[in-house]
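[1] Curious how this folds, go ahead:
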Amino acid sequence: MSNAIATTDAPVPATSGGAANPLKQLGDIFAQPAVKRSLPLIFMLGLIGAAALAWMMLSTPPQRVLFANLPESDKAAVAQALDAASIANGIDGSGSITVAEDDYHKARMLLAGQDLPKAAPGGYALLDNMPMGASRAVEGERLRQARETELARSIGAIDTVAEARVHLATPEASVFVRDKAEPSASVIVKLQPGRTLSDAQVRSIVNLVASSVPGMKPDAVTIVDQMGALLSKTGQESSAGDARIDFQNRVEDKVRQQLVTLLTPLLGAGNFSAEVQAEVDLDENQATRESYDKEGTVVRAEQGNWTGAPRDGAAGAPGGIPGALSNVPPAPSTVATPTPGAPAQPGQPATPAAAPGMKQSDSFTRTYSNGREVSVTRNMPGSIKRLSVAVLLREEPGKPRGQVEIRQIDELVKATVGYKAERQDQVTVVSRKFSTNAAAEAEGIPFYETPWFAMVARNVTALVIALLVLLLGVRPLARALMRRRDDARVAGAPMGAADGVQLPTPVSPQMLAGSGLSLGDRVGLVRDFTRENPARAALAVRDMIRTEGQ
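    Sure thing, here's the model as predicted:
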(Lines give C-alpha, C1' and ligand atoms only; values in the text may rest on other atoms or scores of the structure.)
Protein backbone atom coordinates (compact mmCIF):
# COMPACT_ATOMS: atom_id res chain seq x y z
CA MET A 1 0.00 0.00 0.00
CA SER A 2 2.82 2.37 0.83
CA ASN A 3 4.49 1.54 -2.47
CA ALA A 4 1.30 2.41 -4.32
CA ILE A 5 1.02 5.69 -2.51
CA ALA A 6 4.64 6.51 -3.25
CA THR A 7 4.07 5.66 -6.84
CA THR A 8 1.00 7.89 -6.97
CA ASP A 9 2.72 10.83 -5.32
CA ALA A 10 5.75 10.62 -7.58
CA PRO A 11 6.12 13.63 -9.90
CA VAL A 12 5.03 13.09 -13.44
CA PRO A 13 7.59 14.12 -15.98
CA ALA A 14 6.59 16.87 -18.37
CA THR A 15 5.55 15.67 -21.75
CA SER A 16 5.09 17.40 -24.98
CA GLY A 17 1.31 17.07 -24.66
CA GLY A 18 1.33 18.94 -21.32
CA ALA A 19 3.52 21.70 -22.69
CA ALA A 20 1.20 22.04 -25.65
CA ASN A 21 -1.87 22.46 -23.37
CA PRO A 22 -1.41 25.73 -21.40
CA LEU A 23 -4.95 25.59 -20.06
CA LYS A 24 -4.17 22.33 -18.29
CA GLN A 25 -1.03 23.81 -16.78
CA LEU A 26 -2.99 26.85 -15.65
CA GLY A 27 -5.58 24.56 -14.10
CA ASP A 28 -2.86 22.64 -12.29
CA ILE A 29 -1.48 25.92 -10.93
CA PHE A 30 -4.89 27.00 -9.63
CA ALA A 31 -5.45 23.51 -8.20
CA GLN A 32 -2.59 23.92 -5.77
CA PRO A 33 -3.77 24.45 -2.16
CA ALA A 34 -1.80 27.66 -1.63
CA VAL A 35 -3.20 29.18 -4.80
CA LYS A 36 -6.72 28.09 -3.87
CA ARG A 37 -6.41 29.80 -0.50
CA SER A 38 -5.08 32.96 -2.17
CA LEU A 39 -7.74 33.19 -4.90
CA PRO A 40 -10.30 35.08 -2.78
CA LEU A 41 -7.65 37.57 -1.70
CA ILE A 42 -6.49 38.03 -5.30
CA PHE A 43 -10.06 38.49 -6.47
CA MET A 44 -10.72 41.04 -3.72
CA LEU A 45 -7.59 42.99 -4.64
CA GLY A 46 -8.68 42.94 -8.28
CA LEU A 47 -12.08 44.34 -7.36
CA ILE A 48 -10.49 47.07 -5.28
CA GLY A 49 -8.19 47.94 -8.18
CA ALA A 50 -11.14 48.00 -10.61
CA ALA A 51 -13.07 50.27 -8.25
CA ALA A 52 -10.08 52.58 -7.93
CA LEU A 53 -9.65 52.65 -11.70
CA ALA A 54 -13.35 53.41 -12.19
CA TRP A 55 -13.12 56.16 -9.60
CA MET A 56 -10.12 57.70 -11.32
CA MET A 57 -11.76 57.54 -14.74
CA LEU A 58 -15.09 58.97 -13.62
CA SER A 59 -13.84 61.52 -11.10
CA THR A 60 -11.33 62.96 -13.58
CA PRO A 61 -13.10 65.63 -15.68
CA PRO A 62 -13.01 65.28 -19.46
CA GLN A 63 -9.94 66.77 -21.10
CA ARG A 64 -9.94 69.42 -23.81
CA VAL A 65 -7.15 70.28 -26.22
CA LEU A 66 -5.65 73.62 -25.27
CA PHE A 67 -3.10 73.97 -28.07
CA ALA A 68 -2.13 71.62 -30.86
CA ASN A 69 0.96 71.36 -33.07
CA LEU A 70 3.14 73.54 -30.87
CA PRO A 71 6.93 73.44 -30.96
CA GLU A 72 8.68 71.89 -28.00
CA SER A 73 9.85 75.22 -26.62
CA ASP A 74 6.32 76.56 -26.51
CA LYS A 75 5.06 73.32 -24.94
CA ALA A 76 7.57 73.65 -22.14
CA ALA A 77 6.69 77.33 -21.57
CA VAL A 78 2.96 76.64 -21.56
CA ALA A 79 3.29 73.65 -19.19
CA GLN A 80 5.47 75.66 -16.83
CA ALA A 81 2.96 78.54 -16.77
CA LEU A 82 0.06 76.15 -16.09
CA ASP A 83 1.96 74.37 -13.32
CA ALA A 84 2.76 77.69 -11.70
CA ALA A 85 -0.97 78.53 -11.70
CA SER A 86 -1.87 75.10 -10.23
CA ILE A 87 -3.81 74.07 -13.34
CA ALA A 88 -3.60 70.35 -14.09
CA ASN A 89 -2.41 69.70 -17.63
CA GLY A 90 -1.10 66.87 -19.76
CA ILE A 91 0.05 65.89 -23.23
CA ASP A 92 -1.99 63.42 -25.25
CA GLY A 93 -0.75 60.93 -27.82
CA SER A 94 -0.68 63.48 -30.64
CA GLY A 95 1.50 65.87 -28.65
CA SER A 96 -1.26 68.38 -27.89
CA ILE A 97 -1.50 70.06 -24.49
CA THR A 98 -4.77 69.22 -22.72
CA VAL A 99 -6.45 70.60 -19.61
CA ALA A 100 -9.69 69.87 -17.80
CA GLU A 101 -12.75 71.23 -19.53
CA ASP A 102 -13.60 73.32 -16.46
CA ASP A 103 -10.15 74.96 -16.55
CA TYR A 104 -10.05 75.57 -20.31
CA HIS A 105 -11.08 79.23 -20.37
CA LYS A 106 -9.06 80.01 -17.24
CA ALA A 107 -5.95 78.55 -18.87
CA ARG A 108 -6.53 80.45 -22.12
CA MET A 109 -6.85 83.76 -20.28
CA LEU A 110 -3.77 83.02 -18.18
CA LEU A 111 -1.62 82.20 -21.22
CA ALA A 112 -2.98 85.16 -23.20
CA GLY A 113 -1.90 87.46 -20.37
CA GLN A 114 1.62 86.02 -20.60
CA ASP A 115 1.65 86.20 -24.43
CA LEU A 116 1.92 82.43 -24.82
CA PRO A 117 2.41 80.51 -27.00
CA LYS A 118 4.86 82.52 -29.03
CA ALA A 119 5.15 79.92 -31.83
CA ALA A 120 6.56 81.22 -35.10
CA PRO A 121 7.28 84.93 -35.56
CA GLY A 122 4.52 86.90 -37.26
CA GLY A 123 3.91 90.36 -38.59
CA TYR A 124 6.85 92.49 -39.54
CA ALA A 125 9.13 90.15 -37.57
CA LEU A 126 9.10 87.98 -40.70
CA LEU A 127 11.11 90.63 -42.50
CA ASP A 128 13.84 90.42 -39.84
CA ASN A 129 14.30 86.71 -40.52
CA MET A 130 14.53 87.08 -44.28
CA PRO A 131 17.60 85.25 -45.65
CA MET A 132 20.22 87.09 -47.59
CA GLY A 133 20.03 86.90 -51.34
CA ALA A 134 16.25 86.46 -51.44
CA SER A 135 14.65 87.17 -54.78
CA ARG A 136 12.21 89.95 -55.44
CA ALA A 137 9.30 87.51 -55.54
CA VAL A 138 10.23 86.13 -52.10
CA GLU A 139 10.52 89.65 -50.71
CA GLY A 140 7.07 90.54 -52.10
CA GLU A 141 5.49 87.42 -50.60
CA ARG A 142 7.12 88.07 -47.22
CA LEU A 143 5.90 91.66 -47.26
CA ARG A 144 2.38 90.56 -48.18
CA GLN A 145 2.41 87.93 -45.43
CA ALA A 146 3.61 90.49 -42.90
CA ARG A 147 0.79 92.85 -43.90
CA GLU A 148 -1.78 90.09 -43.62
CA THR A 149 -0.55 89.10 -40.16
CA GLU A 150 -0.52 92.67 -38.88
CA LEU A 151 -3.98 93.37 -40.26
CA ALA A 152 -5.29 90.16 -38.66
CA ARG A 153 -3.85 91.24 -35.30
CA SER A 154 -5.40 94.68 -35.64
CA ILE A 155 -8.82 93.25 -36.47
CA GLY A 156 -8.50 90.72 -33.64
CA ALA A 157 -8.07 93.61 -31.21
CA ILE A 158 -11.78 94.41 -31.64
CA ASP A 159 -13.75 93.22 -28.64
CA THR A 160 -16.30 91.23 -30.66
CA VAL A 161 -13.72 89.41 -32.83
CA ALA A 162 -12.02 86.30 -31.40
CA GLU A 163 -9.78 85.48 -34.38
CA ALA A 164 -9.24 86.96 -37.83
CA ARG A 165 -7.45 86.02 -41.03
CA VAL A 166 -6.70 88.37 -43.92
CA HIS A 167 -5.90 87.46 -47.54
CA LEU A 168 -4.54 90.21 -49.78
CA ALA A 169 -4.58 90.04 -53.57
CA THR A 170 -2.10 92.65 -54.77
CA PRO A 171 -1.35 92.37 -58.50
CA GLU A 172 1.98 93.35 -59.97
CA ALA A 173 2.32 96.96 -61.10
CA SER A 174 2.14 97.45 -64.87
CA VAL A 175 3.15 100.40 -67.04
CA PHE A 176 0.17 99.78 -69.33
CA VAL A 177 -3.06 101.39 -68.23
CA ARG A 178 -5.21 98.70 -69.81
CA ASP A 179 -3.43 96.00 -67.78
CA LYS A 180 -3.74 97.79 -64.47
CA ALA A 181 -5.65 95.73 -61.87
CA GLU A 182 -7.03 96.95 -58.57
CA PRO A 183 -5.97 95.19 -55.32
CA SER A 184 -8.57 93.38 -53.25
CA ALA A 185 -8.78 91.74 -49.83
CA SER A 186 -10.77 89.01 -48.12
CA VAL A 187 -11.25 88.89 -44.34
CA ILE A 188 -12.70 86.02 -42.34
CA VAL A 189 -13.53 86.73 -38.71
CA LYS A 190 -14.40 84.33 -35.91
CA LEU A 191 -16.74 86.11 -33.52
CA GLN A 192 -17.11 85.62 -29.81
CA PRO A 193 -19.97 83.27 -28.79
CA GLY A 194 -23.24 85.12 -28.87
CA ARG A 195 -21.75 88.32 -30.33
CA THR A 196 -22.34 90.01 -33.67
CA LEU A 197 -20.64 92.76 -35.62
CA SER A 198 -22.59 95.97 -36.06
CA ASP A 199 -22.66 97.84 -39.34
CA ALA A 200 -20.35 100.49 -37.91
CA GLN A 201 -17.80 97.84 -36.93
CA VAL A 202 -17.98 96.24 -40.39
CA ARG A 203 -17.38 99.60 -42.02
CA SER A 204 -14.46 100.18 -39.66
CA ILE A 205 -12.83 96.89 -40.69
CA VAL A 206 -13.41 97.67 -44.36
CA ASN A 207 -11.83 101.12 -44.07
CA LEU A 208 -8.96 99.72 -41.98
CA VAL A 209 -8.03 97.14 -44.61
CA ALA A 210 -8.56 99.51 -47.55
CA SER A 211 -6.41 102.21 -45.94
CA SER A 212 -3.58 99.77 -45.23
CA VAL A 213 -3.03 98.72 -48.85
CA PRO A 214 -2.10 101.36 -51.45
CA GLY A 215 -4.66 101.76 -54.21
CA MET A 216 -7.32 99.59 -52.59
CA LYS A 217 -10.92 100.80 -52.55
CA PRO A 218 -13.40 99.97 -49.78
CA ASP A 219 -15.65 98.18 -52.28
CA ALA A 220 -12.84 95.66 -52.92
CA VAL A 221 -12.88 94.36 -49.31
CA THR A 222 -15.01 91.30 -48.49
CA ILE A 223 -15.74 90.26 -44.89
CA VAL A 224 -17.15 86.83 -43.98
CA ASP A 225 -17.83 85.38 -40.52
CA GLN A 226 -17.18 81.82 -39.34
CA MET A 227 -20.68 80.74 -40.42
CA GLY A 228 -20.07 81.86 -44.01
CA ALA A 229 -22.37 84.88 -43.82
CA LEU A 230 -21.35 87.90 -45.89
CA LEU A 231 -21.00 90.92 -43.60
CA SER A 232 -19.74 93.58 -46.01
CA LYS A 233 -22.15 95.00 -48.56
CA THR A 234 -21.33 97.20 -51.52
CA GLY A 235 -23.38 100.18 -52.61
CA GLN A 236 -25.29 98.11 -55.16
CA GLU A 237 -26.23 95.46 -52.63
CA SER A 238 -27.46 97.89 -49.97
CA SER A 239 -30.71 99.64 -50.74
CA ALA A 240 -32.80 102.38 -49.23
CA GLY A 241 -35.25 99.78 -47.96
CA ASP A 242 -32.55 98.07 -45.90
CA ALA A 243 -31.47 101.40 -44.45
CA ARG A 244 -35.08 102.21 -43.56
CA ILE A 245 -35.61 98.87 -41.84
CA ASP A 246 -32.30 99.13 -40.00
CA PHE A 247 -33.10 102.62 -38.71
CA GLN A 248 -36.57 101.52 -37.65
CA ASN A 249 -35.11 98.55 -35.76
CA ARG A 250 -32.68 100.82 -33.94
CA VAL A 251 -35.50 103.13 -32.87
CA GLU A 252 -37.61 100.21 -31.66
CA ASP A 253 -34.68 98.67 -29.78
CA LYS A 254 -33.98 101.97 -28.07
CA VAL A 255 -37.58 102.35 -26.90
CA ARG A 256 -37.73 98.69 -25.83
CA GLN A 257 -34.54 99.05 -23.81
CA GLN A 258 -36.01 102.08 -22.08
CA LEU A 259 -39.06 100.03 -21.11
CA VAL A 260 -36.90 97.19 -19.79
CA THR A 261 -34.84 99.62 -17.72
CA LEU A 262 -38.02 101.13 -16.29
CA LEU A 263 -40.07 98.00 -15.56
CA THR A 264 -37.36 95.60 -14.36
CA PRO A 265 -36.86 97.23 -10.92
CA LEU A 266 -40.63 97.62 -10.56
CA LEU A 267 -41.90 94.21 -11.68
CA GLY A 268 -38.80 92.03 -11.78
CA ALA A 269 -37.11 90.25 -14.67
CA GLY A 270 -39.37 87.85 -16.54
CA ASN A 271 -42.60 89.37 -15.17
CA PHE A 272 -43.38 91.46 -18.23
CA SER A 273 -43.03 91.52 -21.99
CA ALA A 274 -42.83 94.68 -24.12
CA GLU A 275 -43.10 95.13 -27.88
CA VAL A 276 -42.68 98.35 -29.86
CA GLN A 277 -43.76 99.23 -33.39
CA ALA A 278 -42.46 102.54 -34.74
CA GLU A 279 -43.37 104.23 -38.00
CA VAL A 280 -40.38 106.35 -38.95
CA ASP A 281 -40.40 109.14 -41.51
CA LEU A 282 -37.23 108.84 -43.58
CA ASP A 283 -38.33 111.21 -46.36
CA GLU A 284 -36.14 114.30 -46.77
CA ASN A 285 -38.12 117.51 -47.56
CA GLN A 286 -36.76 120.94 -48.52
CA ALA A 287 -38.81 124.15 -49.10
CA THR A 288 -37.78 127.72 -50.08
CA ARG A 289 -39.92 130.80 -49.23
CA GLU A 290 -39.42 134.41 -50.45
CA SER A 291 -41.43 137.36 -49.02
CA TYR A 292 -41.46 141.19 -49.52
CA ASP A 293 -42.21 144.06 -47.14
CA LYS A 294 -44.66 146.38 -48.95
CA GLU A 295 -44.66 149.11 -46.32
CA GLY A 296 -40.96 149.62 -45.84
CA THR A 297 -40.05 150.81 -49.38
CA VAL A 298 -36.71 152.58 -49.81
CA VAL A 299 -35.50 154.66 -52.81
CA ARG A 300 -32.60 152.77 -54.30
CA ALA A 301 -31.84 155.05 -57.35
CA GLU A 302 -33.12 158.36 -58.80
CA GLN A 303 -32.44 159.90 -62.21
CA GLY A 304 -33.97 163.02 -63.95
CA ASN A 305 -33.68 166.74 -64.91
CA TRP A 306 -35.51 170.04 -64.38
CA THR A 307 -35.82 173.51 -66.07
CA GLY A 308 -36.08 176.99 -64.47
CA ALA A 309 -37.04 180.66 -65.49
CA PRO A 310 -34.34 183.02 -66.91
CA ARG A 311 -32.63 185.29 -64.43
CA ASP A 312 -32.67 189.14 -65.32
CA GLY A 313 -33.68 188.59 -68.88
CA ALA A 314 -30.91 186.18 -69.48
CA ALA A 315 -31.84 183.23 -71.51
CA GLY A 316 -31.41 180.88 -68.70
CA ALA A 317 -27.67 181.24 -68.51
CA PRO A 318 -26.37 178.78 -66.01
CA GLY A 319 -24.43 180.14 -63.12
CA GLY A 320 -22.46 178.90 -60.24
CA ILE A 321 -20.90 175.53 -59.83
CA PRO A 322 -22.80 172.68 -61.43
CA GLY A 323 -24.47 170.61 -58.83
CA ALA A 324 -23.97 173.14 -56.04
CA LEU A 325 -27.11 175.25 -55.92
CA SER A 326 -26.37 176.29 -52.39
CA ASN A 327 -23.49 178.48 -53.66
CA VAL A 328 -25.74 180.57 -56.04
CA PRO A 329 -27.18 183.76 -54.44
CA PRO A 330 -30.96 183.94 -54.53
CA ALA A 331 -32.63 186.16 -57.19
CA PRO A 332 -33.90 189.53 -56.06
CA SER A 333 -37.51 189.46 -55.09
CA THR A 334 -40.04 191.57 -57.03
CA VAL A 335 -43.59 192.47 -56.16
CA ALA A 336 -46.05 192.04 -58.97
CA THR A 337 -48.78 194.73 -59.17
CA PRO A 338 -52.06 193.48 -60.49
CA THR A 339 -53.56 195.15 -63.52
CA PRO A 340 -56.75 197.03 -62.71
CA GLY A 341 -58.35 196.27 -66.05
CA ALA A 342 -58.20 192.53 -65.71
CA PRO A 343 -60.03 191.41 -62.63
CA ALA A 344 -59.50 187.88 -61.53
CA GLN A 345 -62.10 185.30 -62.42
CA PRO A 346 -63.95 183.97 -59.45
CA GLY A 347 -62.98 180.46 -58.53
CA GLN A 348 -59.67 180.68 -60.35
CA PRO A 349 -56.52 181.46 -58.40
CA ALA A 350 -54.19 183.96 -59.69
CA THR A 351 -51.31 182.55 -61.62
CA PRO A 352 -48.15 183.96 -60.16
CA ALA A 353 -45.42 184.83 -62.51
CA ALA A 354 -42.47 182.53 -62.55
CA ALA A 355 -39.64 183.91 -60.60
CA PRO A 356 -36.41 184.05 -62.43
CA GLY A 357 -34.06 181.18 -61.46
CA MET A 358 -36.85 178.94 -60.05
CA LYS A 359 -37.66 175.42 -61.26
CA GLN A 360 -40.38 175.36 -63.85
CA SER A 361 -40.55 171.60 -64.70
CA ASP A 362 -38.80 168.38 -63.74
CA SER A 363 -38.61 164.78 -64.91
CA PHE A 364 -37.26 162.06 -62.62
CA THR A 365 -37.03 158.26 -62.69
CA ARG A 366 -36.86 156.60 -59.25
CA THR A 367 -36.20 152.94 -58.36
CA TYR A 368 -37.49 151.61 -55.03
CA SER A 369 -36.31 148.53 -53.04
CA ASN A 370 -38.81 146.59 -50.98
CA GLY A 371 -37.87 144.43 -47.92
CA ARG A 372 -37.07 140.88 -49.11
CA GLU A 373 -36.79 137.71 -46.99
CA VAL A 374 -35.67 134.29 -48.30
CA SER A 375 -36.05 131.27 -45.96
CA VAL A 376 -35.08 127.66 -46.69
CA THR A 377 -36.70 124.89 -44.63
CA ARG A 378 -35.17 121.39 -44.68
CA ASN A 379 -36.72 118.52 -42.75
CA MET A 380 -34.14 115.90 -41.82
CA PRO A 381 -35.26 112.24 -41.97
CA GLY A 382 -35.67 110.16 -38.83
CA SER A 383 -38.70 111.66 -37.15
CA ILE A 384 -41.28 109.29 -35.65
CA LYS A 385 -44.64 109.45 -37.36
CA ARG A 386 -46.48 107.05 -35.06
CA LEU A 387 -45.55 104.87 -32.10
CA SER A 388 -47.37 101.77 -30.87
CA VAL A 389 -46.35 100.13 -27.58
CA ALA A 390 -47.81 96.97 -26.04
CA VAL A 391 -46.83 95.83 -22.51
CA LEU A 392 -47.97 92.48 -21.12
CA LEU A 393 -47.74 92.09 -17.33
CA ARG A 394 -47.42 88.72 -15.63
CA GLU A 395 -50.31 88.03 -13.30
CA GLU A 396 -49.84 85.61 -10.41
CA PRO A 397 -52.54 82.94 -10.02
CA GLY A 398 -55.16 84.21 -7.62
CA LYS A 399 -53.58 87.68 -7.38
CA PRO A 400 -55.10 89.88 -10.07
CA ARG A 401 -53.67 93.35 -10.56
CA GLY A 402 -55.84 96.33 -9.72
CA GLN A 403 -56.91 98.93 -12.21
CA VAL A 404 -55.08 101.63 -10.28
CA GLU A 405 -51.78 99.76 -10.59
CA ILE A 406 -52.30 99.12 -14.30
CA ARG A 407 -53.17 102.79 -14.83
CA GLN A 408 -50.01 103.88 -13.03
CA ILE A 409 -47.88 101.55 -15.15
CA ASP A 410 -49.63 102.88 -18.25
CA GLU A 411 -48.73 106.46 -17.31
CA LEU A 412 -45.12 105.45 -16.66
CA VAL A 413 -44.90 103.73 -20.04
CA LYS A 414 -46.33 106.79 -21.81
CA ALA A 415 -43.85 109.08 -20.12
CA THR A 416 -40.96 106.74 -20.98
CA VAL A 417 -41.68 106.30 -24.71
CA GLY A 418 -42.58 109.97 -25.28
CA TYR A 419 -46.30 109.53 -25.96
CA LYS A 420 -47.91 112.25 -28.12
CA ALA A 421 -51.66 112.30 -28.70
CA GLU A 422 -51.39 114.51 -31.81
CA ARG A 423 -49.26 111.80 -33.39
CA GLN A 424 -52.00 109.24 -32.66
CA ASP A 425 -49.62 107.13 -30.59
CA GLN A 426 -51.05 104.04 -28.93
CA VAL A 427 -49.97 102.49 -25.60
CA THR A 428 -51.65 99.33 -24.28
CA VAL A 429 -50.93 97.70 -20.90
CA VAL A 430 -52.58 94.33 -20.15
CA SER A 431 -52.18 91.95 -17.21
CA ARG A 432 -52.52 88.23 -17.99
CA LYS A 433 -51.19 84.87 -16.78
CA PHE A 434 -48.05 83.59 -18.48
CA SER A 435 -47.79 80.06 -19.81
CA THR A 436 -45.52 77.56 -18.06
CA ASN A 437 -43.19 77.30 -21.05
CA ALA A 438 -42.62 81.04 -21.11
CA ALA A 439 -41.99 81.05 -17.38
CA ALA A 440 -39.46 78.22 -17.70
CA GLU A 441 -37.65 80.04 -20.50
CA ALA A 442 -37.59 83.21 -18.42
CA GLU A 443 -35.93 81.39 -15.54
CA GLY A 444 -32.94 80.42 -17.70
CA ILE A 445 -31.29 77.20 -18.77
CA PRO A 446 -32.37 73.97 -17.06
CA PHE A 447 -30.37 72.79 -14.11
CA TYR A 448 -29.15 69.59 -15.84
CA GLU A 449 -27.35 71.70 -18.46
CA THR A 450 -25.34 73.68 -15.92
CA PRO A 451 -21.63 72.85 -15.44
CA TRP A 452 -21.95 72.04 -11.73
CA PHE A 453 -24.58 69.34 -12.40
CA ALA A 454 -22.21 67.39 -14.69
CA MET A 455 -19.45 67.52 -12.07
CA VAL A 456 -21.78 66.37 -9.26
CA ALA A 457 -23.23 63.57 -11.40
CA ARG A 458 -19.74 62.37 -12.33
CA ASN A 459 -18.54 62.26 -8.72
CA VAL A 460 -21.74 60.65 -7.42
CA THR A 461 -21.56 57.96 -10.11
CA ALA A 462 -17.97 57.15 -9.21
CA LEU A 463 -18.88 56.97 -5.50
CA VAL A 464 -21.84 54.66 -6.16
CA ILE A 465 -19.69 52.31 -8.25
CA ALA A 466 -17.06 52.17 -5.51
CA LEU A 467 -19.69 51.42 -2.85
CA LEU A 468 -21.25 48.69 -4.99
CA VAL A 469 -17.86 47.06 -5.48
CA LEU A 470 -17.17 47.20 -1.74
CA LEU A 471 -20.60 45.92 -0.68
CA LEU A 472 -21.19 43.31 -3.38
CA GLY A 473 -17.64 42.18 -4.02
CA VAL A 474 -15.17 42.97 -1.26
CA ARG A 475 -17.46 42.35 1.69
CA PRO A 476 -18.61 38.84 0.63
CA LEU A 477 -15.04 37.90 -0.19
CA ALA A 478 -13.82 39.14 3.17
CA ARG A 479 -16.51 37.16 4.95
CA ALA A 480 -15.63 34.06 2.92
CA LEU A 481 -11.96 34.50 3.81
CA MET A 482 -12.79 34.86 7.48
CA ARG A 483 -14.95 31.74 7.35
CA ARG A 484 -12.21 29.78 5.58
CA ARG A 485 -9.70 30.91 8.18
CA ASP A 486 -11.98 29.81 11.01
CA ASP A 487 -12.63 26.51 9.28
CA ALA A 488 -8.92 25.97 8.81
CA ARG A 489 -8.27 26.81 12.46
CA VAL A 490 -10.99 24.44 13.63
CA ALA A 491 -9.86 21.75 11.22
CA GLY A 492 -6.24 22.08 12.24
CA ALA A 493 -6.91 22.16 16.00
CA PRO A 494 -7.62 18.85 17.84
CA MET A 495 -11.20 18.38 18.92
CA GLY A 496 -11.83 19.08 22.54
CA ALA A 497 -8.88 21.48 22.79
CA ALA A 498 -11.15 24.03 24.43
CA ASP A 499 -11.82 21.57 27.28
CA GLY A 500 -8.24 20.49 27.60
CA VAL A 501 -8.83 17.18 25.81
CA GLN A 502 -6.85 16.53 22.63
CA LEU A 503 -8.97 14.64 20.09
CA PRO A 504 -7.83 14.01 16.54
CA THR A 505 -10.00 14.57 13.53
CA PRO A 506 -12.03 13.24 11.79
CA VAL A 507 -14.36 12.36 14.67
CA SER A 508 -15.38 8.73 15.03
CA PRO A 509 -17.51 6.90 17.63
CA GLN A 510 -14.42 5.10 18.92
CA MET A 511 -12.64 8.41 19.47
CA LEU A 512 -15.57 9.93 21.35
CA ALA A 513 -16.02 6.76 23.44
CA GLY A 514 -12.35 6.55 24.40
CA SER A 515 -11.81 10.24 25.05
CA GLY A 516 -12.83 10.04 28.71
CA LEU A 517 -15.41 12.82 28.36
CA SER A 518 -18.79 12.81 29.92
CA LEU A 519 -21.87 12.36 27.84
CA GLY A 520 -22.84 16.04 28.05
CA ASP A 521 -19.36 17.16 26.97
CA ARG A 522 -19.35 14.76 24.08
CA VAL A 523 -22.80 15.96 22.95
CA GLY A 524 -21.73 19.60 23.16
CA LEU A 525 -18.52 18.82 21.29
CA VAL A 526 -20.44 17.11 18.51
CA ARG A 527 -22.98 19.97 18.34
CA ASP A 528 -20.30 22.63 18.05
CA PHE A 529 -18.41 20.63 15.47
CA THR A 530 -21.57 20.11 13.43
CA ARG A 531 -22.46 23.81 13.53
CA GLU A 532 -19.00 25.05 12.58
CA ASN A 533 -18.13 22.36 10.03
CA PRO A 534 -21.29 20.80 8.57
CA ALA A 535 -19.43 19.11 5.70
CA ARG A 536 -17.09 17.25 7.96
CA ALA A 537 -19.97 16.40 10.29
CA ALA A 538 -21.79 14.81 7.39
CA LEU A 539 -18.68 12.79 6.56
CA ALA A 540 -18.37 11.72 10.19
CA VAL A 541 -22.01 10.57 10.25
CA ARG A 542 -21.43 8.65 7.05
CA ASP A 543 -18.41 6.92 8.57
CA MET A 544 -20.44 6.07 11.69
CA ILE A 545 -23.16 4.50 9.59
CA ARG A 546 -20.64 2.47 7.67
CA THR A 547 -19.02 1.34 10.92
CA GLU A 548 -22.38 0.29 12.38
CA GLY A 549 -23.14 -1.61 9.20
CA GLN A 550 -19.92 -3.55 9.45
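
[2] only C-alpha atoms for contact and neighbour calcs from this point on.
    Fine.

[3] Tell me the secondary structure of residue 51, please.
    Reduced to three states with DSSP: H, G, I helix; E, B strand; the rest coil, the structure at residue 51 is helix.

[4] Let me see the contact set for it.
    Applying CA atoms under 8 Å, 6 or more residues apart in numbering, we find residue 51 in contact with 465, 466, 469.

[5] can you list contacts of stretch 392-407?
    Defining contact as CA under 8 Å, 6+ apart, one finds that stretch 392-407 is touched by 271, 272, 273, 274, 429, 430, 431, 432, 433, 434.

[6] how about 10 Å then?
    Stretch 392-407 is contacted by residues 263, 267, 270-275, 409-413, 428-435, 439 when judged by CA atoms under 10 Å, 6 or more residues apart in numbering.

[7] and that stretch, how far apart are its ends?
    By CA to CA, to the nearest Å, the extent of stretch 392-407 from end to end equals 13 Å.

[8] Strands along this protein, start to end?
    Listed in chain order, the strands of the chain (DSSP state E) span 63-67, 89-91, 97-100, 161-169, 184-191, 221-225, 272-281, 285-308, 359-379, 383-394, 426-432.

[9] Name the member of the contacts of residue 51 with the most neighbours.
    Scoring those on neighbours with other CA atoms under 10 Å, the highest-scoring entry is residue 466 at 20 neighbours.

[10] which one is that one nearest to, not counting chain neighbours?
    Spatial nearest neighbour of residue 466, chain neighbours left out: residue 51 (5.2 Å); criterion: CA to CA, 6 or more residues apart in numbering.

[11] Report the separation between that neighbour and residue 480.
    When CA to CA is applied, the distance between residue 51 and residue 480 equals 20 Å.

[12] Break down the stretch 351-500 of the chain into its helices, ranges please.
    403-417, 436-443, 451-469, 475-492 (DSSP state H, counting those that start in this stretch).

[13] other SSEs contacting the third one?
    Going back to what we said before, that points to helix 451-469. Counting by 3 or more CA pairs under 10 Å, 6 or more residues apart in numbering; DSSP states H and E, the packing neighbours recorded for helix 451-469 are helix 33-59.

[14] Compute the inter-axis angle for the helix it packs on and helix 451-469.
    Our comparison of helix 33-59 with helix 451-469, counting by axes from the mean of the first three to the mean of the last three CA atoms, to 10 degrees, yields an angle of 170 degrees.

[15] Redo the helices of the stretch 351-500 of the chain as CSV? Include distance to residue 66.
    Written out in CSV, the entries for these read as follows (distance: least, CA to CA, whole Å):
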stretch, distance to residue 66
helix 403-417, 49
helix 436-443, 33
helix 451-469, 19
helix 475-492, 43
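
[16] how about JSON lines for those helices, with distance to residue 34 and mean pLDDT added?
    Putting the helices of the stretch 351-500 of the chain into JSON lines (distance: least, CA to CA, whole Å; pLDDT from 0 to 100) gives the following:
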{"stretch": "helix 403-417", "distance to residue 34": "88", "mean pLDDT": "92"}
{"stretch": "helix 436-443", "distance to residue 34": "65", "mean pLDDT": "53"}
{"stretch": "helix 451-469", "distance to residue 34": "25", "mean pLDDT": "79"}
{"stretch": "helix 475-492", "distance to residue 34": "13", "mean pLDDT": "67"}
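
[17] The ones you listed: which one's closest to residue 245?
    Put simply, out of the helices of the stretch 351-500 of the chain the one that sits nearest residue 245 is helix 403-417, at 19.6 Å, with distance taken as CA to CA.

[18] Buried residues in the closest one, which are they?
    By 16 or more other CA atoms under 10 Å, the buried positions in helix 403-417 come out as 409, 410, 413, 414, 417.

[19] Tell me where the model's unsure across the stretch 151-300 of the chain.
    Screening the stretch 151-300 of the chain residue by residue with the criterion pLDDT under 70, one finds the ranges 234-242, 294, 296-298.

[20] distance between the ends of stretch 397-406?
    Terminal residues of stretch 397-406 lie 17 Å apart, using CA to CA.

[21] how distant is that stretch from the center of its chain?
    Centroid displacement of stretch 397-406 relative to its chain, using CA atoms, centre = their mean, to the nearest Å, is 38 Å.

[22] mind checking how far residue 113 is from residue 78?
    Computed with CA to CA, the distance linking residue 113 and residue 78 is 12 Å.

[23] quick one: common contacting residues for those two?
    Common contacts of residue 113 and residue 78, defined by CA under 10 Å, 6+ apart, comprise residue 107.
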